[in-house]
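Peer 1: Generate coordinates for the sequence data below:
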Amino acid sequence: MIDSAINVTARSEPIDTLLEIRFPARVDRIKLIRPGVDASARMCGLAPTIASDVVLAVDEACQNIIVHGYKGQDGCEIALTLIRHGEGLLVELRDQAPTLDPSKIQHRALHDIKPGKLGSYFMSAIMDRIEYLPAPGGGNLLRMYKQKDGSI
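Peer 2: This next block holds a predicted model:
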């Protein structure tokens, strides 16, 4: 689901940056961030199975950036920020790929059994809110939020 802005500054819940990292936009580097995403989700009180799902959503988002945004070109990077926000986790992914048109994001039908094209489906099924924005200074900002109790 794509929602209106997840405004971290306008809400009164406590905000705590848990992890900020930049890494090369290469598929083989995604495995290096998985433990940090899992640990951050658990620090926010998410159950282990939910934390694993959040890892999957972040993994899919990073793969989409690498494959569809950067189109596999070398020398690109992804910036990941994980923020404890109230009773949940806010994930921010920034890239410098060409600006994305969110209306063009489509996943294939689930009954069409073949590999690929389900990343955006998994992301929207797992996370409580997803927002695609143009990043200040160019590129894209993806914000995904997972509430501890799923009550968004």
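
Peer 1: Now do the contacts for the closest residue to residue 96 other than its chain neighbours.
Peer 2: Among residues not flanking residue 96 along the chain, residue 139 sits closest, at 4.0 Å (C-beta to C-beta, 6 or more residues apart in numbering). The way it works is simple: take the backbone N, C-alpha and C, and place the C-beta from them, glycine included. Residues in contact with residue 139 (C-beta atoms under 8 Å, 6 or more residues apart in numbering) are 94, 95, 96, 97, 99.

Peer 1: From residue 120, how far off is residue 128?
Peer 2: Shown here: residue 128 relative to residue 120, a distance of 15 Å by C-beta to C-beta, to the nearest Å.

Peer 1: if I've got this straight, residue 90 is in a strand?
Peer 2: Yes. Read with DSSP: H, G, I helix; E, B strand; the rest coil, residue 90 is one of the residues of a strand.

Peer 1: start the count at 14, not 1, going forward
Peer 2: Got it, first residue is 14 now, which makes that one residue 103.

Peer 1: Please name the residues that touch residue 39.
Peer 2: Residue 39 makes contact with residue 79 under the criterion C-beta under 8 Å, 6+ apart.

Peer 1: now, which of the contacts of residue 152 lie within strands?
Peer 2: Secondary-structure check on the contacts of residue 152 using DSSP state E: residues within strands are 107, 108.

Peer 1: which two in the contacts of residue 152 are spaced the farthest apart?
Peer 2: Within those, 107 and 112 form the most distant pair, 12.2 Å apart (C-beta to C-beta).
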